[in-house]
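In: any chance you can model this:
(2 chains)
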Amino acid sequence: MKETQTIQKTYNTAQTTERISGSEAIVRCLLEEGVKVLYGYPGGAIMPVYDELYKYQDKIHHVLTRHEQGATHSAQGYARISGEVGVAMATSGPGATNLITGIADAQIDSTPMVCITGQVPSHLLGSDAFQETDIVGISTPVTKWNHQITKASEIPEVMAKAFYIAKSGRPGPVLIDITKDAQFEDFDFKYEKCTGIRSYKPVPETDKSSLAAAAELINNAKKPMVVWGQGVILGEAEEEFKAVIEKAGIPSAWTILGASAIPTSHPLNIGMVGMHGNYAPNVLTNECDVLIAIGMRFDDRVTGNLATYAKQAKVIHFEIDPAEIDKNVKADIAVLGNAKTSLAEILSLIKPNSHTEWHQKFKDLYDIEYEKVIKSDLHPTKEGLTMGEVLKEINIQTKGEAAIVSDVGQHQMIACRYAEFNKTKSNITSGGLGTMGFGLPAAIGAKMAAPEREVISISGDGGYQMTIQELGTIFQQKTAVKVVVLNNDFLGMVRQWQQLFFDRRYASTEMTNPDFVAIAKGYYLNAKRVTKREELASAVEEMIASKEPYFLEVCVEKEDNVFPMVPSGASVSDIRLE
Amino acid sequence: MNSEKQHYTVSVYTENNIGLLNRLSAIFQRRHINVESLNTSASEIEGVSKFTILVNVTESQIKKIIGQIEKQVEVIKAYYHTEEDTIYQESCIFKIKSDLLFEERQIQNIIKESNARIVTVNKEFFVLEKSGRRQEIELLYRELNAFGIMQFTRSGRIAVTKDEMKISTMLQAFQN
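Out: I've put the predicted structure just below:
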């Protein structure tokens, strides 16, 4: 309550103009937008803003990451767990270019983020000045919107637009580049939130007839199947979604970014689709009669070979972004709009059903997957530890309440396959871009946005070392993330492909690793290494019990593979179990 | 849907913004599509710019491209048209030695028959302007090239559609 009052107060004072500098205006804009935390790294061209952040440090918390890429991933983690806009800041030149990977990641995974970069003074633009780079040009293909500010008077309107664009419709990253002279310049500041832009329509109108047509197909379907994506989470449509699938009794599978929208234990939750998804939903994609895609974009890792993807099915596509309709898979019926609204509207048009026999097919195929894959992943009898049993142990200790932040590779697929989720926004991972190094900094952002939640970063030994320097951020900020590294001394996923498709020629995938526990201890973190099965449960228990940041390395079997697997370019129904 | 490649004229109505050209050209570049011509200018609506882009692609490609263009925040509306949907023109200018105008009688006939227009003449050279379809311009080029051309430039395509484009209505709807 107290917080709301403070925000209200600042907002009111902004109704009258005040003469302040551009750099102060930037900080004031962030406050107006309700930003409490931002991630960044100072440098020459952004120094005036940092000077203001120093003055405003009791109102806004700046987190010094150890690399600008870390700042973007932390901002992404913050956004993904909270639904709020994540903010990252950097200086010009290398500071700005270091943001690009995180921006590209946020673009492809629709994460609301605002990045602010300093720029050389406007009279030096184009002169190859020290630390000058054309960051607006560089970031154009990977931002939802970007803009360069050269006059202080532009700051309030552009910043308001930045937050509006990042958050509305299909969210995405926005980059604002501000020349140093604009930061120094004084002007009359007045802030008004952006409520609309004439050339931009964030949410397309839903055609009522498309809803009726979709409902008719669903009501007449004998073997319907839902594949939902992050659109359900971004649209905060979890309840509406659950109501629709429960009423229609439709088996529902998720894309990697859709995970956790409904609990893992929900009886209609039939698992993950895609390359390392579950057996049943992949195989039965090519048997269902109506495929209902909700807030997903038919990524190639989901569909496999498009020529043989769900050809027998009528496709209904619920989607907020018109450019996604017919992009990869032709939709028989496209329902444009926000998932929350369209699902709420279709509910009354849908007839109750249970599809008992159809459900049994999923159960039968699950049993096959359990025997061939899951059993040995979760309850191994061999000597080496599996990644799956680590996840199982985490599930037991956290009771499915944790947010799991994974990196990219084998451990990511295992984490997404086996982590149990009770709450939405609990699976934070780099899906579209597959950014190794995402996990650790994203977990920092997630923990800061949701300090009351258990946040567990799970990485492999490869990706972990791409942003390992963020242990410094954890130490300095005392962020109580739990950091798990599943170490197989390999770039495991690439090694798996080399084994399966390149006759075991392990080109540059074997890693000679450092003492990860010693490194964590170097950052004064509690740290432990597990090499034996009998040590695992107590180590995970100790980690979860800790109120402080904790590092746990688990040395797992070196050459385990992730199955099931749809080989690249194969049909989803040709999924391999071994 | 037509899976043959053909020429499509893309009309894009946009806010007048630095960087938008880069944003639009990136959409083609990323998909490895060659832009055959591109023209940007003011449109019939004050403050609204218009891009006219000519590409040779399939209908399925052009539909996806339009989706990506319209997705850009500062794009008001994008359309694609076949050759039949539009009235289109290109324009070109030639710089030619003035002597030829007097020495080669044939040149005068070429100018007359092609409906080209002499913009300026001085002692050294004269400048010839011609607007029309690509084939007409290419024909004129071939004919004049036999005598020697000092300089030649052809513009990108500009086009208007036979059907109405309801940009103003769209913008008014936003105001209300």
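
In: could you list the low-pLDDT ranges of chain A?
Out: A:1-15 (pLDDT under 70).

In: contact residues of it facing chain B?
Out: Applying C-beta under 8 Å from any C-beta of the partner chain, we find that chain A lies next to chain B at A:136-137, A:140-141, A:144-148, A:165, A:196-200, A:321-327. From N, CA and C alone the C-beta is placed, and that goes for glycine too.

In: separation between the closest residue to chain B within chain A and B:Ile66?
Out: Across chain A, the shortest distance to chain B (C-beta to the nearest C-beta) belongs to A:Ala323, at 3.4 Å. In this view, A:Ala323 and B:Ile66 are 9 Å apart by C-beta to C-beta, to the nearest Å.

In: before we move on, what about B:Ala146?
Out: 42 Å.

In: who's more crowded, these two?
Out: B:Ile66 (22 against 11; other C-beta atoms under 10 Å in any protein chain shown).

In: helix/strand/coil for that one?
Out: Secondary structure, DSSP: H, G, I helix; E, B strand; the rest coil: B:Ile66 is helix.

In: I figured it hits B:Ala78, correct?
Out: Yes. If you go by C-beta atoms under 8 Å, B:Ile66 and B:Ala78 touch, sitting 5.0 Å apart.

In: ok, which stretches of chain B are helices?
Out: B:20-30, B:59-70, B:98-103, B:105-113, B:134-145, B:167-175 (DSSP state H).

In: re earlier: chain neighbours aside, what residue packs nearest to the residue of chain A closest to chain B?
Out: Closest residue to A:Ala323 apart from its sequence neighbours, by C-beta to C-beta, 6 or more residues apart in numbering or on different chains: B:Gly67 at 3.4 Å.

In: quick one: distance of the strand or helix carrying A:Thr101 to the chain centre.
Out: In the assignment (DSSP states H and E), A:Thr101 maps to helix A:100-108. Chain-centre distance of helix A:100-108: 10 Å, with C-alpha atoms, centre = their mean, to the nearest Å.

In: over to stretch B:65-77?
Out: The answer for stretch B:65-77 is 20 Å, by C-alpha atoms, centre = their mean.

In: excluding its backbone neighbours, what's nearest B:Arg23?
Out: Spatial nearest neighbour of B:Arg23, excluding adjacent residues (C-beta to C-beta, 6+ apart): A:Thr140 at 5.2 Å.

In: would you confirm that the residue nearest to A:Ala323 contacts A:Glu319?
Out: No. Taking C-beta under 8 Å as the definition, B:Gly67 is not a contact partner of A:Glu319, at 11.2 Å.

In: more neighbours: the two, which one.
Out: Counted by other C-beta under 10 Å, B:Gly67 and A:Glu319 do not tie: A:Glu319 has more neighbours, with 26 against 18.

In: rewinding a little: what's near enough to touch the residue of chain A closest to chain B?
Out: When contacts are counted by C-beta atoms under 8 Å, 6 or more residues apart in numbering or on different chains, A:Ala323 touches B:64, B:67-68, B:70-71.

In: which SS class is it?
Out: Assignment for A:Ala323 (three-state DSSP): helix.

In: can the contacts of A:Ala323 go into JSON lines with extra columns for distance to B:Ile158?
Out: Output for these, formatted as JSON lines (distance: C-beta to C-beta, whole Å):
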{"residue": "B:Lys64", "distance to B:Ile158": "25"}
{"residue": "B:Gly67", "distance to B:Ile158": "24"}
{"residue": "B:Gln68", "distance to B:Ile158": "23"}
{"residue": "B:Glu70", "distance to B:Ile158": "21"}
{"residue": "B:Lys71", "distance to B:Ile158": "25"}
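
In: residue 137: neighbouring residues, count only.
Out: Chain wasn't specified; assuming chain A. The burial count for A:Gly137: 14, using other C-beta under 10 Å.

In: nope, chain B please
Out: 22.

In: right, and it touches B:Phe94 too?
Out: No. Contact criterion C-beta under 8 Å: B:Ile137 and B:Phe94 do not qualify, at 9.9 Å.

In: circling back to that earlier point, do you know which of the helices of chain B lies nearest A:Met511?
Out: Ranking the helices of chain B by proximity to A:Met511 (C-beta to C-beta) places helix B:20-30 first, at 33.2 Å.

In: wait, A:Asn422 touches A:Lys399, no?
Out: Yes. Contact criterion C-beta under 8 Å: A:Asn422 and A:Lys399 qualify, at 7.5 Å.

In: what about the two, which has more around it?
Out: For A:Asn422 versus A:Lys399, the count of surrounding residues by other C-beta under 10 Å is larger for A:Asn422: 16 against 11.

In: tell me the contacts of the more buried one?
Out: A:263-265, A:399-401.

In: check the secondary structure at it for me.
Out: coil.

In: what residues are up against the residue of chain B found nearest chain A?
Out: The nearest approach of chain B to chain A comes at B:Gly67, 3.4 Å away (C-beta to the nearest C-beta). The contact partners of B:Gly67, by C-beta under 8 Å, 6+ apart, come to A:322-325, A:327.

In: hmm, which of the residues you listed are the buried ones?
Out: Listed as buried from these are A:322-325, A:327; burial here means 16 or more other C-beta atoms under 10 Å in any protein chain shown.

In: may I have the strands that pair with the lengthiest strand in chain B, each with its orientation?
Out: Identified as the longest strand of chain B according to DSSP state E is strand B:86-97. With DSSP bridges as the test, strand B:86-97 is paired with strand B:125-132 (antiparallel), strand B:151-154 (antiparallel), strand B:158-161 (antiparallel).

In: domains of chain B?
Out: For chain B, the structural domains run B:6-81, B:88-154, going by automatic domain parsing.

In: gap between the last one and the chain center?
Out: Domain B:88-154 has its average C-alpha position 19 Å from the chain's average C-alpha position, going by C-alpha atoms, centre = their mean.

In: which residue ranges form the helices in the stretch 351-500 of chain A?
Out: Secondary structure of the stretch 351-500 of chain A, counting by DSSP state H, counting those that start in this stretch: helices at A:356-369, A:375-378, A:387-398, A:410-418, A:439-449, A:461-464, A:471-477, A:492-501.

In: now what about the last one, what contacts it?
Out: Applying C-beta under 8 Å, 6+ apart, the external contacts of helix A:492-501 come out as A:408-411, A:413, A:460, A:462, A:504-507, A:509-510, A:559-562, A:565, A:567.

In: which ones among those residues are found in strands?
Out: Those of the contacts of helix A:492-501 lying in strands (DSSP E): A:Gly460.

In: narrow the contacts of helix A:492-501 to those that are buried.
Out: A:408-411, A:413, A:460, A:462, A:509, A:560-562, A:565.

In: okay, and A:Val27 sits in which element?
Out: Assigned by DSSP H and E, A:Val27 falls in helix A:22-32.

In: can you list the neighbours in contact with that helix?
Out: Here helix A:22-32 has contacts from A:7, A:10-11, A:14, A:20, A:38, A:48-49, A:51-53, A:55-56, A:59-60, A:87, A:116, A:149, A:152, A:155-156, A:159-160, A:178, A:182-187, A:189, A:191, A:193, using C-beta under 8 Å, 6+ apart.

In: those residues in strands, which ones?
Out: Counted as lying in strands by DSSP E, out of the contacts of helix A:22-32, are A:20, A:38, A:87, A:116, A:149, A:178, A:186-187, A:189.

In: quick one: which of those is nearest A:Ala253?
Out: A:Val87 (33.8 Å).

In: how about the nearest residue to that closest one, chain neighbours excluded?
Out: A:Leu38 (3.9 Å).

In: which residues does the one you found contact?
Out: A:30, A:60-63, A:75, A:87-89.

In: could you list the buried residues of stretch B:85-103?
Out: Buried-residue list, stretch B:85-103, by 16+ other C-beta under 10 Å: B:85-86, B:88-90, B:92-96, B:100-101.

In: stretch B:51-65 too?
Out: Result for stretch B:51-65 [16+ other C-beta under 10 Å]: buried residues B:51-55, B:57, B:59, B:61-65.
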